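> sequence unknown, structure follows:
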Ligand SMILES: Nc1ncnc2c1ncn2[C@@H]1O[C@H](COP(=O)(O)OP(=O)(O)OP(=O)(O)O)[C@@H](O)[C@H]1O
């Protein structure tokens, strides 16, 4: 699958990261670095802090300590413009159609407008005019994944990307990530499941050591 053009190379370096939520210090001293073409799976039990780490990487949670450095990014660019965060909440507008949702995301993310191709790829090509509020859980997840395709960005942060997906959907996620890595992107996913990737990803245990 060749979905994305060559992506601008980035290096992500996390040093001594600590994150707190309320009274709880979720993790401390977290170090990892990732280069173009690499994938990292975040592992840990419920509540360990995987989503919090993704949000810190996306710049929407302020760490308690440590640094997150993205080398290669345009220092003039707005924060977050070289990454996608696909979280538990799909960010879909229920009253817009399937096609309108992706067109909306392409427009606000400065995308390439390849909405029809993206819908075909994620398996929603037959229902572009259906209101997104009527989609099933798995179809909703597929539409959220379509956002990755209409505005290519080098860093994908995915929270349980296979949630609600059937077997074919799980394979689709693997192919999308493989193509993204082949194009020079990087991907970090919080997941309790293995992803169907062609090359074994690195893993990082998130949570307190005690
Ligand atoms: N805004 C918040 N205020 C207070 N506590 C929070 C907040 N957001 C998350 N938490 C708490 O932080 C902890 C870590 O949550 P997080 O969602 O990062 O875990 P996770 O490892 O992704 O879990 P899961 O595997 O269940 O998705 C949890 O105990 C959660 O209740």
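Received the coordinates, thanks. Since we're looking at a predicted model, the values are computed, not measured.
> enumerate the residues of this structure near the ligand.
Proximity of the chain to the ligand (Cβ under 6 Å from any ligand atom) is limited to residues 21-22, 26, 44, 46-52, 190. Every residue, glycine included, has its C-beta placed from N, CA and C.
> dig out what residue 85 forms beta bridges with.
residue 157 (DSSP bridges).
> going forward, begin numbering at 25 instead of 1
Noted, 25 is the first residue going forward, which turns the last one into residue 109.
> show me the contacts for it.
78-79, 82, 84, 181, 183 (Cβ atoms under 8 Å, 6 or more residues apart in numbering).
> now the strands for the chain?
35-45, 48-58, 63-67, 89-95, 107-110, 179-183, 210-214, 226-229 (DSSP state E).
> please tell me I have it right and residue 183 contacts residue 114.
No. Under the criterion of Cβ atoms under 8 Å, residue 183 is not in contact with residue 114, lying 10.5 Å apart.
> among the residues of the chain next to the ligand, name the buried ones.
50, 68, 72-76, 214 (16 or more other Cβ atoms under 10 Å).
> among the residues of the chain next to the ligand, which two are most distant?
46 and 214 (19.4 Å; Cβ to Cβ).
> re the thing from before, closest to residue 227 out of the contacts of residue 109?
Nearest member of the contacts of residue 109 to residue 227, counting by Cβ to Cβ, is residue 78, at 14.8 Å.
> list the contacts of that closest one.
66, 109, 111, 181-183, 212, 214.
> list the buried residues in stretch 89-102.
Applying 16+ other Cβ under 10 Å to stretch 89-102 flags 90, 94, 97 as buried.
> and these as TSV, adding pLDDT?
As requested, those are exported to TSV (pLDDT from 0 to 100):
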residue	pLDDT
90	98
94	91
97	82
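> what mean pLDDT does stretch 173-181 have?
Taken as a whole, stretch 173-181 has a mean pLDDT of 93.
> what average pLDDT does whichever helix in the chain runs longest get?
Determined from DSSP state H, the single longest helix within the chain is helix 191-206. Across helix 191-206, pLDDT averages out at 97.
> how much does it deviate in direction from strand 210-214?
140 degrees (axes from the mean of the first three to the mean of the last three Cα atoms, to 10 degrees).
> other SSEs contacting helix 191-206?
helix 161-174, strand 210-214 (3 or more Cβ pairs under 8 Å, 6 or more residues apart in numbering; DSSP states H and E).
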